[in-house]
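Enquirer: model the structure of this input:
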Amino acid sequence: MRILALLIALVLSQPLAAETVRLGDRWYRIELPANPKGAPLILALHGGGGDPDQFAQASGLARVATRAGFAVVFPAGTGRRGDRLLTWNGGYCCGPSARRGVDDMGFLKQVIADAAQRFGVDGQGVYLTGMSNGAILAETFAAQNPDLVRAVAGVSGTMDTSRTRVQGRVPALIIHGTADTMVPYEGGQGDTSLTRTDFASVPSVVQAFLAPWGGVLAETRRSIDTRDDGTSITVTDYQRRGKVVLRLMTVQGGGHHWPGGRKARLTEGKTQEIDANTEILRFFAAHP
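Expert: Here you go, the predicted model:
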């Protein structure tokens, strides 16, 4: 009987299988924790040319997030080839979705409402993260909808700070490599960019998210360099009343990459110093 009870407890503690939900001609993938009712919700946005299944596999985010009690939604952008090679309209990037002015802001709101109604997760205040083009939209959505967002984490992508004002206080985590040739750290068009977008700089995104907090924020800096991988991490924290409201993790020598994720084609700038999933979940947990 004791063994049976242990087996039952083990089964009940396991995250639920991934499920695909269709919303008209759009869709999303959702992965739920063992107890989805009221679970905090993370929206994870794939990069340009990716898709929900690809990003879920490459990042590995859902596996660790669901075990920590989060529900994770991977929404799908739009494209010309069905459910693959998708992009987001992040304002100044990227691809057909931006050129056609696709209402991805409205779609994300629809996804949040549907996931809350269908699965019972908490849709009142969500977390957003994304890679590259997905980070651009995640940051833009958070900037324009601060009342809906608990915190945002952008990896290797910068929102259009020339036209986007952060309209409220949103805790933000930014992870970006200084050797990123697709979305350059200092801004401009990247040498290997698949678009002619003149990207905003990482410092401009930092200042945009700091602006609503006002006053003088305490700033601290530390370094992480424990692996012989040609990279190191500079962590800059901005604190208000002892709480980090913005964390910038600059990957010195880092490329266009989700740290800890799978990207076989990247030979240089693939840091082993940090794991993006760990850093993101730690930051989100600090802002319940």
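Enquirer: give me the distance from stretch 160-171 to the chain's centre.
Expert: Mean-position distance between stretch 160-171 and its chain equals 16 Å (Cα atoms, centre = their mean, to the nearest Å).
Enquirer: list the buried residues in it.
Expert: Within stretch 160-171, the residues that qualify as buried are 160, 161, 164, 166, 170, 171, counting by 16 or more other Cβ atoms under 10 Å. No exception for glycine: its C-beta is placed from N, CA and C like everyone else's.
Enquirer: which stretches of the stretch 1-150 of the chain have low pLDDT?
Expert: 1-14, 16, 81-83 (pLDDT under 70).
Enquirer: at 90 what do you get?
Expert: Applying pLDDT under 90 to the stretch 1-150 of the chain flags residues 1-17, 80-85.
Enquirer: quick one, strands of it?
Expert: In the stretch 1-150 of the chain, strands defined by DSSP state E, counting those that start in this stretch lie at 19-23, 26-31, 40-45, 71-75, 122-131, 149-155, listed in chain order.
Enquirer: ok and the very next helix or strand once past the last one relative to strand 149-155, angle-wise?
Expert: In the C-terminal direction, the helix or strand that comes right after strand 149-155 (DSSP states H and E) is strand 172-177. Taking axes from the mean of the first three to the mean of the last three Cα atoms, to 10 degrees, one finds strand 172-177 and strand 149-155 inclined to each other by 0 degrees.
Enquirer: which other helices and strands does strand 172-177 contact?
Expert: For strand 172-177, the elements it packs on are strand 149-155, helix 202-210, strand 243-252, helix 276-285, judged by 3 or more Cβ pairs under 8 Å, 6 or more residues apart in numbering; DSSP states H and E.
Enquirer: got a list of contacts for it?
Expert: By Cβ atoms under 8 Å, 6 or more residues apart in numbering, the list of residues contacting strand 172-177 from outside reads 139, 142, 151-156, 158, 183, 185, 202, 205-206, 209, 231, 245-257, 259, 269, 271, 274, 276, 279-280, 283.
Enquirer: rerun at 6 Å
Expert: 152-156, 185, 202, 209, 246-249, 251, 254-255, 269, 276, 283 (Cβ atoms under 6 Å, 6 or more residues apart in numbering).
Enquirer: quick one: contacts for residue 78?
Expert: 97, 102.
Enquirer: picking that back up, out of the strands of the stretch 1-150 of the chain, nearest to residue 65?
Expert: Closest approach to residue 65 among the strands of the stretch 1-150 of the chain is made by strand 71-75 (5.0 Å; Cβ to Cβ).
Enquirer: check which helices and strands the closest one sits against.
Expert: If contacts are counted by 3 or more Cβ pairs under 6 Å, 6 or more residues apart in numbering; DSSP states H and E, strand 71-75 sits against strand 26-31, strand 40-45, helix 52-59.
Enquirer: need the winner for burial among the helices and strands packed on strand 172-177.
Expert: Mean neighbour count (mean count of other Cβ atoms under 10 Å) peaks for strand 149-155 among these, with a mean of 26.
Enquirer: what's that strand in contact with?
Expert: For strand 149-155, using Cβ under 6 Å, 6+ apart, the contacting residues are 125, 127-129, 131, 135, 138-139, 142, 170-175, 258, 276, 280, 284, 287.
Enquirer: pull the distance from it to the chain's centre.
Expert: For strand 149-155, the distance to the chain centre is 6 Å (Cα atoms, centre = their mean).
Enquirer: again with stretch 178-197
Expert: Per Cα atoms, centre = their mean, the centroid offset for stretch 178-197 relative to its chain is 19 Å.
Enquirer: quick one: buried residues of that stretch?
Expert: 178, 179, 180, 182, 183, 184, 185, 187, 190, 193, 195, 197.
Enquirer: again with stretch 118-136
Expert: Those would be 119, 121-123, 126-136, for stretch 118-136 by 16+ other Cβ under 10 Å.
Enquirer: and of the residues you listed, the nearest to residue 91?
Expert: Closest to residue 91, out of all of those and judged by Cβ to Cβ, is residue 136, at 7.3 Å.
Enquirer: once you drop chain neighbours, what's closest to the closest one?
Expert: Residue nearest to residue 136 in three dimensions, not counting chain neighbours: residue 90, with 3.5 Å by Cβ to Cβ, 6 or more residues apart in numbering.
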